[in-house]
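Provide a 3D model corresponding to the input given below.
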Amino acid sequence: MKKLMIAVGVSVLLGACAGGMGMSGSGGMSSNPMVGGAAMYPTKDIVDNAVNSKDHTTLVAAVKAAGLVDTLKSPGPFTVFAPTNEAFAALPAGTVDTLLKPENKPTLTKVLTYHVVPGRMDGPALMSAINAGGGKAVLKTASGGTLTATMSGGNVWVTDAKGGTAMVTIANVYQSNGVIHVINKVLLPG
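Model prediction:
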């Protein structure tokens, strides 16, 4: 059954900052949140952690099909907005199967890299960018597109190029090569 997800509010993000969860790697980051029923280790890379999350099996299969494993195992750093299996399941019927076909690898790669922002943008950095932008932060993705992050109702929302929005449900999952923020929708490039 659906697990209770952590809503990301200002207090959670600022609490993470006050708790010593800085942006400089794994130092002082010993208590990552559980994701998909699995411990996430700040000493492991994005791929090595993601494969253990039962909520991200579709994302992991897509990363493998797109040939992005080596990229997401590299030093980075990367900020990944990671859609859950439920987010992929909410796409129109057949979409995931179609994207996973070898002939659609360029499209799949574009969709996946649209969820990646170069650099380590943890919750405190994201909140700072939102505040500096007067309530919104425009983030340049690895695919060359943009995402817009905002705060509403105590949650961080990410809006894609098509106007679709995803809520960050688990923030600040630190990795050796970046940070993951779990989201509840798949983001689509323009």
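
which residues in this protein form strands?
Counting by DSSP state E, the chain has strands at residues 78-83, 116-118, 136-140, 146-152, 155-159, 165-175, 178-183.

Restricting to C-alpha, output the fourth one in PDB.
Put plainly, it is strand 146-152. Extracted in PDB, the C-alpha atoms of strand 146-152 (Å, rounded to 0.1, in the frame of the first residue of the first chain):
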ATOM      1  CA  THR A 146      14.500  24.400 -17.700                       C
ATOM      2  CA  LEU A 147      12.400  23.500 -14.600                       C
ATOM      3  CA  THR A 148      10.800  26.000 -12.300                       C
ATOM      4  CA  ALA A 149      10.900  25.400  -8.500                       C
ATOM      5  CA  THR A 150       8.400  27.100  -6.200                       C
ATOM      6  CA  MET A 151       7.000  26.800  -2.700                       C
ATOM      7  CA  SER A 152       3.200  26.400  -2.100                       C
END
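
Quick one, grab the pLDDT at S53.
At S53, the predicted lDDT confidence score is 91.

Same question for G37.
87.

Put together TSV for the strands of the chain, with mean neighbour count, distance to K101 and mean pLDDT on each row.
(Glycine included, C-beta is placed from N, CA and C.) Rendered in TSV, the data for those read as follows (neighbours: other C-beta atoms under 10 Å; distance: least, C-beta to C-beta, whole Å; pLDDT from 0 to 100):
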stretch	mean neighbour count	distance to K101	mean pLDDT
strand 78-83	25	19	96
strand 116-118	20	22	96
strand 136-140	16	29	97
strand 146-152	17	26	95
strand 155-159	20	27	95
strand 165-175	23	25	94
strand 178-183	26	24	95
